[in-house]
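Novice: coords please:
(chains A, B, C and D)
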Amino acid sequence: MSNINHLETDLMGIMLKNPVIAASGTFGFGSDYANIIDVSRLGGISGKGLTLNGSKGNDGQRVYETPSGILNSIGLENPGVRHFVEHEYEVMRRTGAAVIANLGGHIENDYLEGAKLLNKVDLDILELNISCPNVKNGGMSFGMIPETAAEITRKVKEVSRHKLLVKLSPNAYDIVSVAKACEDAGADGISLVNTFLGMAIDIDKKKAVFNNVYAGLSGPAIMPIALRMVHQVSKAVSIPVVGLGGISNYRDAIAFIMAGATAVQVGTMTFAVPETMINIIDGLEKYCIDNGLENISQIRGII
Amino acid sequence: MSNINHLETDLMGIMLKNPVIAASGTFGFGSDYANIIDVSRLGGISGKGLTLNGSKGNDGQRVYETPSGILNSIGLENPGVRHFVEHEYEVMRRTGAAVIANLGGHIENDYLEGAKLLNKVDLDILELNISCPNVKNGGMSFGMIPETAAEITRKVKEVSRHKLLVKLSPNAYDIVSVAKACEDAGADGISLVNTFLGMAIDIDKKKAVFNNVYAGLSGPAIMPIALRMVHQVSKAVSIPVVGLGGISNYRDAIAFIMAGATAVQVGTMTFAVPETMINIIDGLEKYCIDNGLENISQIRGII
Amino acid sequence: MALIIKNNKISDNIFLMTISGCKQYGKPGQFFMLRPIKGNISDPILARPISIFDVDKEKGNVTFLYQVVGKGTEILSSLKVDDEISVIGPLGNGFEIEDNDITLIGGGIGIAPLFYLAKEHRKMFPNRHRTIHLGFRDKAILEDEYKSICDNLVLNIGGYVTDDVDFDTNNTIYVCGPTPMMKAASTHAKKVNKDIYVSLENKMACGVGACLVCSCKTSDGTKKRVCKDGPVFHASEVFYE
Amino acid sequence: MALIIKNNKISDNIFLMTISGCKQYGKPGQFFMLRPIKGNISDPILARPISIFDVDKEKGNVTFLYQVVGKGTEILSSLKVDDEISVIGPLGNGFEIEDNDITLIGGGIGIAPLFYLAKEHRKMFPNRHRTIHLGFRDKAILEDEYKSICDNLVLNIGGYVTDDVDFDTNNTIYVCGPTPMMKAASTHAKKVNKDIYVSLENKMACGVGACLVCSCKTSDGTKKRVCKDGPVFHASEVFYE
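Specialist: Next comes the predicted model:
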């Protein structure tokens, strides 16, 4: 039973051995899980979200469990792009999975300088996190409206030599319009969804659980909404779509692929069950064999 | 231990014996659960969503379980406003809970004729469902943008003699703007959130689970998002806010009240555990006693 | 809350569960909503409608025959003796038990409510005759148990159980099984101008008639709730066009 | 997957659970992520970090002492003998076991990792002296068990356990308990220019260093991951300003 034919996936011209990618922020730079699962089997790894100069992240509580989900408020703790280029890139490359750097920022210049620095390494894909609050725009994230999303996409694309995957926020006013704007601005692909803005209250302490009051919701809880958005966006754009949001097993992954996703990312469930991605890859392989598919792409977008 | 002082709640000038209301579409017109729980203890009941001439609802599968939630596609099956006025209103009134009629529509005239017919009965509150697709506007729901939400609110308010509670859709591009527009248009209160647009795929049958492809997600899964929206809207409007979305227990209810809700509605969890609202009422009462509160409103909006 | 007295696998994916502590036992054709998890856990969220297989009023027990088909019933099957389980019911209308000879037709897990029905019929009308047809895809279950309460048992493995039945009879006919099987039975019956009882299955959320998740079309174009107006209907109500 | 061998309540909300089937047993101060529910259920979603209380290498068993504080640990406490449980680990750095006399200070459920630490220390350095201070709010647990592996046990009920300790000592000091207690111990130790080991607790998601949920501030302003860089730190690293 060989993965090569059934699961090999062309994502924006990059060949992945399978369409299963570790989601940014859930897998470090690939080495943390190396003792637990066979990381080399993954189709790709999207590394911890980077900012130009790094960040110590948010103070206070950083995670809160909700029914079938988690709220997180890490605040993009990361060692910075330079550290990634000098130390982490090689580690990621050695995993054998496709290397995806995830880049965020709070002002345009940080994105552009970060993207330029990342030209020094041979990434497979640059994933652009446009869900970060835009300091110049009253803290509204770059991804909330088509105009700002398109502008940052176009400018990063101009300075980057890598394939550009733009990761959308589900909090956008109209995620389909944002997706189309990013496509028009030169994005090579779209990944969605980032976390949903949520909230938790500690009723005993009579205050919000998180210092920032709001936090990002992920996990199986939001999968039905993510799947709907992936379906909508896939119908609206011509570039490849990478689907994520609460994927737990191969059946969820197939649902996203049938909804139009070329590849999927898995995040929250890896925390709960580290073997999740391996099980999904095995499950997709078996699905192809059982259903007589030559390649998983044959069911892409059939809904 | 008397409920009268601790939980009595003034909602838009209507006195509720407690702030716990059965959510529309989850409690029929109040009689179905009468053999299972003591319905007279509820603060209010929002009846099954009505349309002017009634509807047989959607064909095909109508419910699908998701992690900590359900997708539903009932399609507003209901006997019509006239039937409600002639038969169901009296049944609801006899429960002893405040009577809330929930009214939807697909064209403006249906809302207005429905609202006029409802003037014939002494409702406590008219709840306006503005999440229905607007036939005149390409099927985009009335509640998606402030303009259409405000227009239908203003027109219904003009013809109705009842207190008007406008129920918002979380799928709105910007729910805070919609809430403010409804307030400006004369809404006496705002309830939120209705269901989130989601999707499920039957991968074995290779098709969407629901005939309408998309369906409404409710349940504890979405509570963190609903709570955030209630918090945002409560800060933005001066009229009372009724919070709902996945409330399971008294602690969830308190979180919504701390976030700014004057009352709460409970829906999906009643299906799972019919005693949920009774347990919440008992829990709120005990909370007031344990925390030395004279009335639950003392913790309203403290976050 | 009820207490698990027994929860045994009797065949692939088929379990017999006995619980005690139900306030009411219910009559044949009624069902309970069983919620396999505690109140503060919400995955899976809904309770499962499971029809009554048997009642032991002396011991105060209700028994269910159920099939593991998903996450909820899988958890149900993992419950152990003395575990607590949340129950709502009995719910639904149940079968009319007629003073007549009866023919019971069950397919797959749909045989479940026919056991209690045959038992109560025998108790009420001991001199009447009971014929039961049981259809299974691969192998029979509980054959001896059903034989013990019926005068005549006909087994069909892998075929169409409805082909074995003479619908042109004065017997009262009760059918429970997969929808295609019940439709086939209804078609056979209609040909000989006979009405039969069918016990429908549908996905449910509340189980008490409030949510309209389980609405089914009726022959006159209106909708009925399987949980509250049913699950037992005349075939003429729901299957005749 | 591991198998539950024992899961007994030993006090209000405190349980001892023994499992078999771990590929590695781990060393004192390390922990496992235990997930109380099956893979396809997601409420609650995360695994729980629980530190090792004891290891029986001959039988291949690992034992955990844990407190029920929420939904996850509540389900953990409901698991029965022969139930399966998903485990990740051993994880974290664990204690340095020094060739020296040692003072152990445990508060509440924080006493858990000190049992295995004392036992291993006694095995490695039988001639060294072991003093243990156990602090509880209301009542002591496992007093005899801790006494059996230490030379001296000091109990403190309802007071400040750190008040009983002479920090001006050549002993190696290990502390595990609520954060205020560990901070108090660090303050006492700093006054006499002594460094001590503290075992931190923090909410975790992955347990392996990937998610940065459990990051803590260190004295030099950088951040460390409690799960991977810890949970054992020098007090000077994490509590000194």
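Novice: Just read off the phi/psi values of the closest residue to chain D within chain C.
Specialist: Using Cβ to the nearest Cβ, C:Asp43 is the residue of chain C that sits closest to chain D, at 3.8 Å. Bear in mind the C-beta positions are built from the backbone N, C-alpha and C, glycine included. The phi/psi pair for C:Asp43 (degrees, to the nearest 10) reads phi -130, psi 110.
Novice: Please name the residues that touch it.
Specialist: For C:Asp43, the contact set (Cβ atoms under 8 Å, 6 or more residues apart in numbering or on different chains) comprises A:67-68, A:220, B:67-68, C:37, C:71, D:41-43.
Novice: Kindly reformat the residues you listed as a markdown table containing secondary structure.
Specialist: A markdown table is the format used below for those (DSSP: H, G, I helix; E, B strand; the rest coil):
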| residue | secondary structure |
| --- | --- |
| A:Pro67 | coil |
| A:Ser68 | coil |
| A:Pro220 | helix |
| B:Pro67 | coil |
| B:Ser68 | coil |
| C:Ile37 | coil |
| C:Lys71 | helix |
| D:Ile41 | coil |
| D:Ser42 | coil |
| D:Asp43 | coil |
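Novice: any low-confidence regions in chain C?
Specialist: Along chain C, segments meeting pLDDT under 70 span C:39, C:241.
Novice: hmm, 80 instead?
Specialist: Of all residues in chain C, those with pLDDT under 80 make up the ranges C:37-40, C:240-241.
Novice: Could you do chain A as well?
Specialist: A:1-4, A:134-139.
Novice: At the contact with chain C, which residues of it appear?
Specialist: A:67-68, A:220 (Cβ under 8 Å from any Cβ of the partner chain).
Novice: so which of these are also by chain B?
Specialist: A:67-68, A:220.
Novice: Mind putting the residues you listed into CSV with neighbour count?
Specialist: Listed next are those as CSV, based on neighbours: other Cβ atoms under 10 Å in any protein chain shown:
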residue, neighbour count
A:Pro67, 29
A:Ser68, 30
A:Pro220, 30
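Novice: would you turn those into CSV with distance to A:Arg300?
Specialist: Formatted as CSV, these follow (distance: Cβ to Cβ, whole Å):
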residue, distance to A:Arg300
A:Pro67, 31
A:Ser68, 27
A:Pro220, 22
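Novice: with the contacts of C:Asp43 in mind, which one is nearest to B:Asp10?
Specialist: Proximity of those to B:Asp10 (Cβ to Cβ) peaks at A:Pro67, which lies at 31.4 Å.
Novice: C:Ser77 and C:Pro36: what is the separation?
Specialist: To C:Pro36, C:Ser77 is 9 Å away according to Cβ to Cβ, to the nearest Å.
Novice: repeat for C:Ala185
Specialist: From C:Ala185 to C:Pro36 the distance is 32 Å (Cβ to Cβ).
Novice: can you check A:Asp290 too?
Specialist: 29 Å.
Novice: before we move on, what about A:Leu118?
Specialist: 50 Å.
Novice: OK, contacts around the nearest residue to A:Ala181 once chain neighbours are set aside?
Specialist: Closest residue in space to A:Ala181, ignoring its immediate chain neighbours: A:Pro146 at 3.5 Å, by Cβ to Cβ, 6 or more residues apart in numbering or on different chains. Each residue near A:Pro146 by Cβ under 8 Å, 6+ apart is listed here: A:174, A:177-178, A:180-181.
Novice: Show me what residue of chain C gets nearest to chain A.
Specialist: C:Ser42 (4.6 Å).
Novice: Could you check how many residues crowd around residue 101?
Specialist: Let's take chain A. 30 (other Cβ atoms under 10 Å in any protein chain shown).
Novice: was after chain C, sorry
Specialist: Quick note: C:Asp101 (other Cβ under 10 Å) scores 17 neighbours.
Novice: what's the distance between the residue nearest to it when sequence neighbours are not counted and D:Glu120?
Specialist: Nearest residue to C:Asp101, sequence neighbours excluded (Cβ to Cβ, 6+ apart): C:His129, at 4.2 Å. Distance, C:His129 to D:Glu120, by Cβ to Cβ: 77 Å.
Novice: quick one: which of the two has more around it?
Specialist: The residue with more neighbours, out of C:His129 and D:Glu120, is D:Glu120; 19 against 13, by other Cβ under 10 Å.
Novice: Now that A:Ser55 has come up, it's in contact with A:Leu76, right?
Specialist: Yes - contact criterion Cβ atoms under 8 Å: A:Ser55 and A:Leu76 qualify, at 5.1 Å.
Novice: Look up how far chain B lies from C:Tyr160.
Specialist: According to Cβ to the nearest Cβ, to the nearest Å, C:Tyr160 and chain B sit 23 Å apart.
Novice: can you pull the contacts of that residue?
Specialist: So C:Tyr160 contacts C:135, C:181, C:184 (Cβ under 8 Å, 6+ apart).
Novice: Give me the nearest residue to the last one, chain neighbours excluded.
Specialist: Once flanking residues are discounted, C:Ala184 sits nearest to C:Thr162: 4.7 Å by Cβ to Cβ, 6+ apart.
Novice: I'd guessed the one you found sits against C:Ala189; true?
Specialist: No - counting by Cβ under 8 Å, no contact exists between C:Thr162 and C:Ala189, whose distance comes to 9.4 Å.
Novice: Spell out which parts of chain C neighbour chain A.
Specialist: Counting by Cβ under 8 Å from any Cβ, chain C sits next to chain A at C:42-43.
Novice: If we use 10 Å, what do you get?
Specialist: Selection of chain C residues close to chain A by Cβ under 10 Å from any Cβ of the partner chain yields C:40-45.
Novice: ok, which pair from those residues is furthest apart?
Specialist: C:Asn40 and C:Pro44, at 13.8 Å, using Cβ to Cβ across the residues of chain C next to chain A.
Novice: more crowded one of the two?
Specialist: Using other Cβ under 10 Å, the more surrounded residue of C:Asn40 and C:Pro44 is C:Pro44, with 28 against 17.
Novice: Under a three-state scheme, what state does that one occupy?
Specialist: With three-state DSSP as the basis, C:Pro44 sits in coil.
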